[in-house]
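J.: Fold the following.
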Amino acid sequence: AQYSPVLVNELGFNLRFVPLSSEGVSLTLETKSLLVYSFPLNHRIATWGFLFREKPLQRNVIKECIPKYNLSIAEIVAIKDGSDLTLEDGTIIPNDELTIEPPKPKSYAFVSDTTKLDSVIEIVDGVDVLYHEATYDNSYVRRASETFHCTAGQAAEVARDAKVGKLVIGHFSGRYDSAELLEQQAREIFPNTVAAEDGMEFEV
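T.: Purely as a prediction, here's the structure:
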């Protein structure tokens, strides 16, 4: 739906509001290179997680094959889409002899304000980086459940069971002056864990 809030004409971009579904995983945004999905979490108020996935790239045509087979633009396009090449004499050149694999699509999931959910494990399965809230240390399991949050250990269990590449924990309770304890507890279950800090960047 399109909305026209106050001062919308002063924005340098189009503003679009997308209602989020409370029923399972929904495609929220699609661009030429990216898919963004939303999924409901379990908190005292309506809260959603988000999954960002790059679209798979086309295969890359081996540069030397273009003059070798005198490839036309149409043939290059077809080969990038996965087609084999048929020569004039009927010889078929398999696609894997003409192309190389593109880089693996990258993925990131953002999960905040929620109890531990088995459904999330399936949704974020195999992502490169998972941000998951870890409001409390492991001695506050009951408190975490009562306030609809997670412990560091629970966040790490999600990362482990989902076989993610890296876990970033955050949304720490104000009772902690340092996230060192939470990071340590998470690493005992999922070693590739870091505690989030403002401005932190990762190479994926």
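J.: host element of the residue of the chain most remote from its centre?
T.: Most distant from the centre of the chain: Asp89, at 46.2 Å, with distances by Cα atoms, centre = their mean. Remark: Asp89 resides in no helix or strand, with elements defined by DSSP states H and E.
J.: pLDDT value on it, please?
T.: Asp89 carries a pLDDT value of 92.
J.: where does Arg16 fall, phi/psi-wise?
T.: phi -130, psi 130 (degrees, to the nearest 10).
J.: do you know how far it is from Leu29?
T.: Arg16 sits 9 Å away from Leu29 when distances are taken as Cβ to Cβ, to the nearest Å. C-beta coordinates here come from the backbone N, C-alpha and C atoms, glycine included.
J.: Tyr108 too?
T.: Taking Cβ to Cβ, one finds Tyr108 at 14 Å from Leu29.
J.: Look at those two and report which has more neighbours.
T.: A direct count of neighbours by other Cβ atoms under 10 Å for Tyr108 and Leu29 places Tyr108 higher, at 22 against 13.
J.: Doesn't the more buried one lie inside a strand?
T.: Yes - counting by DSSP: H, G, I helix; E, B strand; the rest coil, Tyr108 falls inside a strand.
J.: Show me the domain layout of the chain.
T.: With domains defined by automatic domain parsing, the chain comprises 8-56+104-195, 60-100.
J.: Out of the ones you listed, which one sits most buried?
T.: domain 8-56+104-195 (a mean of 17; mean count of other Cβ atoms under 10 Å).
J.: mean confidence score for it?
T.: Confidence over domain 8-56+104-195 (mean pLDDT, whole number) is 95.
J.: going forward can the numbers begin at 590, since that is how I track them
T.: I'll keep to 590 as the first residue from here, and by that count the last item is domain 597-645+693-784.
J.: tell me the contacts of Glu772?
T.: Ala741, Ile758, Thr782, Val783, Ala784 (Cβ atoms under 8 Å, 6 or more residues apart in numbering).
J.: helix, strand or coil for it?
T.: Going by three-state DSSP: Glu772 is helix.
J.: and what of Val709?
T.: helix.
J.: Can you give me the distance of it to Leu609?
T.: Distance from Val709 to Leu609, by Cβ to Cβ: 16 Å.
J.: could you say what helices and strands the host helix or strand of Ser627 packs with?
T.: Here Ser627 sits within strand 623-629, counting by DSSP H and E. On a contact count with 3 or more Cβ pairs under 8 Å, 6 or more residues apart in numbering; DSSP states H and E, strand 623-629 meets strand 615-619, strand 637-643, helix 707-712.
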